[in-house]
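Engineer: Need the 3D shape of this:
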Amino acid sequence: MIAMKTFTSLKFTLVFFCSLFVHSVFAKQQPHWYSGKVELQSGEWLTGELHFNTDLGLLEFSMDGVTNVLSAQKVASFYYYDEEANRMRTFIVESFAHRDRMVPTFFEVLVDGRIRLLGREQVLKVPFHDEKQKKNVYYFQHPNGQIVKYKGRLRQIYKTLPNQQDEVNFFVNRVKWYRYDEEKPIVELFRYCNSLSE
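Structural biologist: You can find the predicted model right below:
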């Protein structure tokens with residue numbers, strides 16, 4: 001009798017944990033949709049629900065019960081309010097070199113100004129795991145429109161602001177937690193650089 005009760009409670013515990021696992025996996029697979037606006041290359045603005053698939057570089061857009069998948073060739077920009085990050089997120093489309101040719105590419109605008117800081121999520125494979133890890137790769141856009149991958153080297157900033165090297169050095173030395181692979185200090189550095197060029 002005791003063995004039967006133990007077996008039954010074990011069975012219920014196993015079913016409970018299995019259902020939790022399935023629910024967590026299913027929740028991870030469900031895309032998060034946001035209310036936002038999309039500007040098409042034609043100049044037309046659309047309002048609806050959207051989900052940006054960073055893995056494929058495609059924008060899923062739903063309006064009046066109809067869902068469309070939009071590539072960077074069709075979109076000029078889009079934006080939405082991200083409740084988790086507590087900020088408005090804006091994405092633009094710019095021509096960018098990919099495999100020796102220029103193609104329309106989505107970028108998130110992290111800092112707007114004379115020197116734009118742009119970001120793109122890159123999917124990295126974790127060695128010996130099936131999981132994929134997402135990491136932000138940063139770029140900055142020169143005033144002439146050229147987009148360059150930001151490698152965390154101050155000489156890239158110096159080249160763009162040749163007359164303000166002392167001010168940039170002062171900022172970087174004052175912010176001792178400055179790291180080129182963390183978003184917050186990079187955003188603050190680019191905001192500071194834009195304030196110098198105003």
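
Engineer: Please export the alpha-carbon coordinates of whichever strand or helix holds E94; PDB is fine.
Structural biologist: Using DSSP states H and E, E94 falls within strand 87-98. Provided in PDB are the C-alpha atoms of strand 87-98 (Å, rounded to 0.1, in the frame of the first residue of the first chain):
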ATOM      1  CA  ARG A  87      12.300  52.200 -24.100                       C
ATOM      2  CA  MET A  88      11.300  52.900 -27.700                       C
ATOM      3  CA  ARG A  89      13.200  50.800 -30.100                       C
ATOM      4  CA  THR A  90      13.800  52.200 -33.600                       C
ATOM      5  CA  PHE A  91      15.200  50.200 -36.600                       C
ATOM      6  CA  ILE A  92      16.300  51.500 -40.000                       C
ATOM      7  CA  VAL A  93      17.400  50.000 -43.200                       C
ATOM      8  CA  GLU A  94      20.700  50.900 -44.700                       C
ATOM      9  CA  SER A  95      22.800  49.400 -47.500                       C
ATOM     10  CA  PHE A  96      25.600  47.300 -46.000                       C
ATOM     11  CA  ALA A  97      28.400  45.200 -47.500                       C
ATOM     12  CA  HIS A  98      27.600  41.500 -47.400                       C
END
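
Engineer: Could I get the contacting residues of L154?
Structural biologist: With contacts defined as Cβ atoms under 8 Å, 6 or more residues apart in numbering, L154 is in contact with V168, N169, V172. Using the backbone N, CA and C atoms, a C-beta is placed for each residue, glycine as well.

Engineer: between these, which has the most around it?
Structural biologist: V168 (18 neighbours; other Cβ atoms under 10 Å).

Engineer: neighbouring contacts of the helix or strand where it lies?
Structural biologist: Taking DSSP H and E as the definition, one finds V168 inside helix 165-174. The contact list for helix 165-174, computed with Cβ under 8 Å, 6+ apart, reads L154, I157, Y158, L161, Y178, L189, Y192, C193, L196.
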